[in-house]
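**Student:** Just the structure for this:
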Amino acid sequence: MTALIIESSIHINQRLKNYLLDIGRFELIHQAFSCMEGHCKAENIKPDVVLLDSSLPDNCALELLGSIRSSIPACKVIVLIDHGDLHLSYLLSASGANVILDKYKEFDRISEVICMIC
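**Tutor:** Purely as a prediction, here's the structure:
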């Protein structure tokens, strides 16, 4: 399987990559640090799983989620949100997120969630 991490924080991006490496199910793990870079990589590599930061600096996570849903319908998308924003969670769910996790409270659940949905 192939994964794409779209997270602007270098530290969090690397932590996510380490989680995915520990799971052992991914042959390739790609990283992006902005919506634009994430969009380009998603279109080119067609990942099986995307970990998407909802608060990217260019503020287009919802649009990127929609684009991934349109072009790669089988892709599993896990969105990491900041501090349980209920309105954003609703919008992300309506836009096709498979799982929404609070990146500060539920970070340790990422491995478990990936194993459940893949």
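
**Student:** Could you use CA atoms for every contact and neighbour count after this?
**Tutor:** OK.

**Student:** Which positions in stretch 48-60 come out as buried?
**Tutor:** 48, 49, 50, 51, 52, 53, 54, 55, 56 (16 or more other CA atoms under 10 Å).

**Student:** what about the helix or strand of the chain with the lowest mean pLDDT, distance to the chain center?
**Tutor:** When the helices and strands of the chain are scored by mean pLDDT, DSSP states H and E, helix 86-94 comes last with a mean of 85. With CA atoms, centre = their mean, to the nearest Å as the basis, helix 86-94 stands 15 Å off its chain's centre.

**Student:** ranges for the strands of this structure?
**Tutor:** For the chain, the strands defined by DSSP state E cover 2-6, 28-32, 49-53, 76-81, 99-102.

**Student:** Who does the first one pair with, and is each partner parallel or antiparallel?
**Tutor:** According to DSSP bridges, strand 2-6 forms sheet pairs with strand 28-32 (parallel), strand 49-53 (parallel).

**Student:** Next, the residues that contact the first one from outside, please.
**Tutor:** Put plainly, it is strand 28-32. By CA atoms under 8 Å, 6 or more residues apart in numbering, the surrounding residues in contact with strand 28-32 are 1-8, 13, 17, 20, 38, 41.

**Student:** for that strand, which positions count as buried?
**Tutor:** Residues 29, 30, 31, 32 are the ones in strand 28-32 that count as buried (16+ other CA under 10 Å).

**Student:** now it: how far from the chain's centre is it?
**Tutor:** 11 Å.

**Student:** okay, which residue is most central for this structure?
**Tutor:** The residue lying closest to the centre of the chain (CA atoms, centre = their mean) is residue 51, at 1.6 Å.

**Student:** need the longest helix for this protein.
**Tutor:** Ordering each helix of the chain by length in residues (DSSP state H) puts helix 10-23 first.
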